[in-house]
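1. the following block contains a protein sequence and its predicted model.
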Amino acid sequence: MSKSLNETIAAVATPLGPGGIGIIRISGPESRLIGRALFRPARQEFSDFRPYVLHHGWIIEDTEALALDEVLVSYMPGPGSYTGEDVLEINCHGGPAVVRAVLERVLAHGARAAEPGEFTCRAFINGRMDLSQAESVAELIAAPTESGLGFAGRKLSGAFSREIKRLREQLLSLKAAISADLDFPDEQLESLGPAEVCSSIREVRSTLLGLLENFSRYNCLRQGALVVLVGRVNAGKSSLLNRLLGRSRAIVTPFPGTTRDYLEEMVNLRGLPVRLVDTAGSRAAPDEVEQAGLKQGEELIQAADLVCLVVDGNEPFEQEILRRIPEMGAGRVLLLMNKADLKPVDPDVQDKIQARGFDAVYVSAKSGFGLDALISGIRKKIIGTEAEPRADALVPNLRQKNKIQSAAQLLEELEQDLELGVGFDALTLYLDEAVAALSEITGAISSEDVLERVFSSFCIGK
């Protein structure tokens, strides 16, 4: 992102492929001139592009001034545009050949092809948004659910930035008070004691820990969760996969070992995007193919956010099941007692499960009984609650979470040293580093490498 802001850039701002409309976005000092060179207005009285008005006309060929496509063109002068620069957008028909041809004309008239995220990077550089707001643009585009959309929207509005800046200001004010006390010990200043400093630090750290908790709890609503169905052959894993998907994705037969590999599908469980995986049933594998399938299943179990251990409720309950749950981590295992529409062979099975404190859901893949309870159980195990996130929840992304974690750790170390009697002069170093970590979240301080990593993940045209 070290390109000159004096260059005019252009890119297709709509998804590739056939569509009703394609938009070519141009940003930079030559935007208006390039538009005038390519545009033939439909109205004779047209003299120049009026800001924030759609102008009807045609994009012309260079050679014989033939009409290439009928378009609508809008012009947004800086600094009141998305990028803070002069921006011109051409709305043409959405056929790939048309869009590509119009873009080629724009590039031929002096614009440079934009890099991924370069428009939003310019918006950041020109002060239209801070770094966390810029990141929220990519999050908004990639949001798989309404919850993820809400998280990104609140960050784009500046709510997340304002909270980070407020915490940063608290730490700066605390450092200023400590520094004044150190620099002017003989002056009649209101001194801060260790208890007051500790109280201030705890207040900021508590808020930071709340943001980290939001990441742990709600990031799955934005990124999705991996849920793996495991269990013995013919326990009903594939039938449950089909039931949750609402269609027949997995082949189901009465013969054991139908699924020898794993099947993976995306499903939205009441706003929770889930990668749902059906693994090969566990048994003594007769050949190398099935052994490979079982090995893949074990790897998926290790990576899973939640393991759904499917048990045939119409078979005698095996002690091996109770042994496997702790091995896989009881906190991330949900026991699914399938075939709950049939009378259980072991009437004491529920007592055995409850006595060990394991979470279980009774369900029937055949009839659909217990499906709502299953979805609620999955959501509760992954998110920690069945309820939707608060309307004002602020959820950092991974980069922001790491910076918040660093700041929280520094404040914890500061508090520990303060309790050990370390002098205030040494403690200000912790405050400096914590402030720097929070500043990197909003881009108040940022390196070229950080900007490169952030904006290179964007799509071209945004």
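-> Cool, the structure landed. Residues are numbered from 1 along each chain as shown.
2. lowest average confidence, helix or strand, in this protein?
-> Averaged element by element with mean pLDDT, DSSP states H and E, the chain has its least confident helix or strand at helix 288-303 (a mean of 69).
3. could you point out the helix or strand that follows it?
-> Counting by DSSP states H and E, the element after helix 288-303 in chain order, helix or strand, is strand 306-312.
4. just the buried positions in the following helix or strand past that next one, please.
-> Using DSSP H and E, the next helix or strand after strand 306-312 towards the C-terminus is helix 319-328. When burial is assessed from 16 or more other CB atoms under 10 Å, helix 319-328 yields the following buried residues: 321, 324, 325, 328. Bear in mind the C-beta positions are built from the backbone N, C-alpha and C, glycine included.
5. same question for helix 319-328, mean pLDDT?
-> Per-region confidence: helix 319-328 scores 74 on mean pLDDT.
6. which among the buried residues of helix 319-328 gets closest to residue 40?
-> Nearest to residue 40 among the buried residues of helix 319-328: residue 328, at 67.5 Å, using CB to CB.
7. measure the residue lying closest to the closest one once chain neighbours are set aside to residue 4 for me?
-> Spatially, and ignoring its direct neighbours in sequence, residue 328 is nearest to residue 307 (5.2 Å; CB to CB, 6 or more residues apart in numbering). Applying CB to CB, to the nearest Å, the value for residue 307 to residue 4 is 52 Å.
8. next secondary structure element downstream of the top helix by length along the chain?
-> Determined from DSSP state H, the single longest helix within the chain is helix 194-223. Following helix 194-223 in sequence order, the next helix or strand is strand 225-231 (DSSP H and E).
9. for that next one, packing partners?
-> Counting contacts by 3 or more CB pairs under 8 Å, 6 or more residues apart in numbering; DSSP states H and E, strand 225-231 packs against helix 237-245, strand 272-278, helix 288-303, strand 306-312, helix 371-383.
10. format the buried residues of helix 319-328 as TSV; extra columns: distance to residue 179.
-> Compiled in TSV, these are given as follows (distance: CB to CB, whole Å):
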residue	distance to residue 179
321	62
324	58
325	55
328	52
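11. thinking again about what came up before, for the record, mean pLDDT for the longest helix of the chain?
-> So the average pLDDT for helix 194-223 ends up being 90.
12. may I see the buried residues of that helix?
-> By neighbour count with 16+ other CB under 10 Å, helix 194-223 contains the buried residues 197, 200-201, 204-205, 207-208, 211, 214-215, 217-222.
13. pass me the low-pLDDT residue ranges in the chain, would you?
-> Along the chain, the model assigns pLDDT under 70 to residues 1-3, 63-65, 180-192, 247-261, 281-295, 297, 316-320, 344-347, 386-387.
14. can you list the domain ranges for it.
-> The chain breaks down into these domains under automatic domain parsing: 9-129, 141-219+397-443, 224-383.
15. out of the ones you listed, which is closest to residue 135?
-> Closest approach to residue 135 among the domains of the chain is made by domain 141-219+397-443 (6.1 Å; CB to CB).
16. residue 340 versus residue 313, what's the distance?
-> 6 Å.
17. between these two, which one's more packed in?
-> Neighbours were counted for residue 313 and for residue 340 using other CB atoms under 10 Å; residue 313 has more, 24 against 20.
18. hmm, back to that, nearest to residue 417, of the helices and strands packed on strand 225-231?
-> For residue 417, the closest of those is helix 371-383, at 36.3 Å, according to CB to CB.
19. the closest one vs strand 272-278, what angle?
-> 110 degrees (axes from the mean of the first three to the mean of the last three CA atoms, to 10 degrees).
20. kindly export helix 371-383 (C-alpha atoms) in CSV.
-> What follows is helix 371-383 as a C-alpha-only set of coordinates in CSV (Å, rounded to 0.1, in the frame of the first residue of the first chain):
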residue,chain,number,x,y,z
LEU,A,371,-34.5,-31.5,16.3
ASP,A,372,-35.2,-28.1,18.0
ALA,A,373,-33.6,-29.3,21.2
LEU,A,374,-30.6,-30.5,19.2
ILE,A,375,-30.1,-27.1,17.4
SER,A,376,-30.5,-25.3,20.8
GLY,A,377,-28.0,-27.8,22.4
ILE,A,378,-25.4,-27.1,19.6
ARG,A,379,-25.8,-23.3,19.9
LYS,A,380,-25.5,-23.5,23.7
LYS,A,381,-22.4,-25.6,23.7
ILE,A,382,-20.6,-23.4,21.2
ILE,A,383,-21.8,-19.9,22.1
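21. only the buried residues of that helix, if you could.
-> By 16+ other CB under 10 Å, the buried positions in helix 371-383 come out as 371, 374, 375, 377, 378, 379, 381, 382, 383.
22. next: stretch 116-131.
-> Neighbour counts over stretch 116-131 (16+ other CB under 10 Å) mark 116-126, 128-131 as buried.
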